[in-house]
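Colleague: all I have is the shape, not the residue letters:
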């Protein structure tokens, strides 16, 4: 918690709404995911909270920045009662993710340098192009 004190506004929110956790379990996955619903009353998801990408794709940082900007713009309108940009934001994220899946599948199927590698076998089998 001492690191939070270097970011006063985050520290204030954390102390007010957060819980102190002594121990937690974490799992790092190499797969991709997307929320079906990226916003609702009082919340909007951006960055890895809205969708995540296989690190090999190098798409995570760009999409985190893009979705953060677009979520902020949509929220500005949403606060004034115009929810149309929130729906457009969610639709745009869905299209981005669909394009990402298509590209990912093509690139995974092209990799032939390590045919006996379990790492690449799993990706070819899991993400086979139909």
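Modeller: Yes, it's here. Because the structure is predicted, anything quoted here is derived from the model rather than measured. Numbers count the residues shown, from 1 in each chain.
Colleague: what comes up buried for the top helix by length along the chain?
Modeller: The residue-count maximum for a helix in the chain (DSSP state H) belongs to helix 84-110. Neighbour counts over helix 84-110 (16 or more other C-beta atoms under 10 Å) mark 85, 86, 89, 90, 92, 93, 96, 97, 100, 104, 105, 108 as buried. Bear in mind the C-beta positions are built from the backbone N, C-alpha and C, glycine included.
Colleague: the strands in the chain, which residues?
Modeller: Ranges of strands in the chain, per DSSP state E, are 33-34, 39-40, 43-44, 51-52.
Colleague: what packs against the third one?
Modeller: Same thing as strand 43-44. Strand 43-44 sits against helix 60-79, with contacts defined as 3 or more C-beta pairs under 8 Å, 6 or more residues apart in numbering; DSSP states H and E.
Colleague: give me the distance between residue 116 and residue 104.
Modeller: Applying C-beta to C-beta, to the nearest Å, the value for residue 116 to residue 104 is 22 Å.
Colleague: again, but for residue 80
Modeller: Taken as C-beta to C-beta, the span from residue 80 to residue 104 is 37 Å.
Colleague: show me the contacts for the closest residue to residue 47 other than its chain neighbours.
Modeller: Leaving aside its sequence neighbours, residue 47 sits nearest to residue 64 (C-beta to C-beta, 6 or more residues apart in numbering; 3.7 Å). Applying C-beta atoms under 8 Å, 6 or more residues apart in numbering, one finds that residue 64 lies in contact with 46, 47, 48.
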